[in-house]
Structures are given as C-alpha cells and as structure tokens.
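1. When you get a sec, could you give me coordinates for this:
(one chain, ligands or ions: 1)
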Amino acid sequence: MALDLFEAAKAAQARAHAPYSNFQVGAAIRDDTGAIHAGCNIENAAYPSGWCAEPSAISHMIVAGGKHVRELLVIGNSDVPCMPCGLCRQRLLEFIEDTQAVTVHLAHPERGIIKTLTFADLYPHVFGAKELKS
Ligand code: THU
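-> Next up, the predicted model:
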C-alpha cells in the first residue's frame, strides 16, 4: 500500500524550493523498518548548487537511523512519469540491498500513481558497493 508514501511525497513536493525550473518534485522513501522519509528538490541561484528531491529524502532517512530503501515514490507535475535522474539512481543504489526487491512508484499529485516498476528495471547494470568489493 503506497498511499502513505504518496501523501508524504505530495506534502514534500508542496514545499519544494524550485523558483528557477518551476518543476517541483517530492520523494518519499520507506526504509527497512517501515518508516517513511520525504524530501523535495532545493534549487539555488547558482544552478549546480541545487539538488533533487531524492537526496533530500535519503538525508532524512540517514539522520533518522534508517539503513536501507525498501520502497520509493517520486512525484512531479509532468505529463510523463517523473523519473529519478541518473545521478539520483546511483545515490539511491548506495542504500539498496536487493534492487529486484525495491518497488519504485512514479506519481502525479492529481492523477496518483501512474507507473510502478522495480529499481532493477529502473537502473540495471549497476556499479555499487558489491561490485566495488568483488
Ligand atoms: N528533479 C528532482 O528533484 N528529481 C528528479 O528525479 C528529477 C529532477 C528536480 C531537479 C530540479 O530542481 C528540477 O527537478 C528540474 O530538473
């Protein structure tokens, strides 16, 4: 049931600081304990200094003591699903044990969840901690 993730991401999206792109994004992570951590994108007048919603959510998870991402929901206002960018896929991978077991939902604030896939489908052929150590 991803309604709780949807509501958390939607509330975070409403607080996005995105005055330059005007593209507000929210992300919500369910960690391995079931706790939810949300975040929004935070842009900056020096454009490369801004960051996406996903690292905001990851940061909240880490500070709260969460270790692993089990489920993710990203919400944006675009007609097509708001896909996590390449950099964020790698950032998320750092906190995923089994990419096949992590569900990713892509949502729109009015249309609800519009696409669901596994993290393995979203980001195949990864280079993460396991590959580094092998
Ligand atoms: N953005 C995110 O927050 N997450 C994504 O996965 C895609 C893009 C943000 C970054 C920037 O603030 C705005 O969307 C436009 O690219």
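2. switch to C-alpha atoms for all contacts and neighbour counts from now on
-> OK.
3. Quick one: distance of the helix or strand bottoming out on mean pLDDT in the chain to the chain centre.
-> Sorted by mean pLDDT, DSSP states H and E, the helices and strands of the chain end with helix 129-133, the least confident at a mean of 94. Offset of helix 129-133 from its chain centre (CA atoms, centre = their mean, to the nearest Å): 22 Å.
4. What residues does this structure have near the ligand?
-> Contact residues, the chain versus the ligand (CA under 6 Å from any ligand atom): A18, S21, F23, V25, N41, E43, C52, A53, M83, P84, C85.
5. Narrow those residues to those that are buried.
-> Buried members of those, scored by 16 or more other CA atoms under 10 Å, are A18, V25, N41, E43, C52, A53, M83, P84.
6. how about these, which pair is most distant?
-> Largest separation among those by CA to CA: E43 and M83, giving 17.8 Å.
7. Could I get the contacting residues of the residue nearest the centre of the chain?
-> Centroid check for the chain by CA atoms, centre = their mean gives E54 as the closest residue, at 3.8 Å. Counting by CA atoms under 8 Å, 6 or more residues apart in numbering, E54 makes contact with G26, A27, A28, G39, C40, N41, V74, P84, C88, L92.
8. Return the set of residues that bridge with the fifth one.
-> With DSSP bridges as the criterion, C40 is bridged to G26.
9. can you count the residues close to it?
-> By other CA atoms under 10 Å, the residues close to C40 number 29.
10. from now on call the first residue 58
-> Taking 58 as the first residue, the last one we looked at is C97.
11. Quick check, it in contact with A84.
-> Yes - here C97 reaches A84: they are 6.3 Å apart, a contact under CA atoms under 8 Å.
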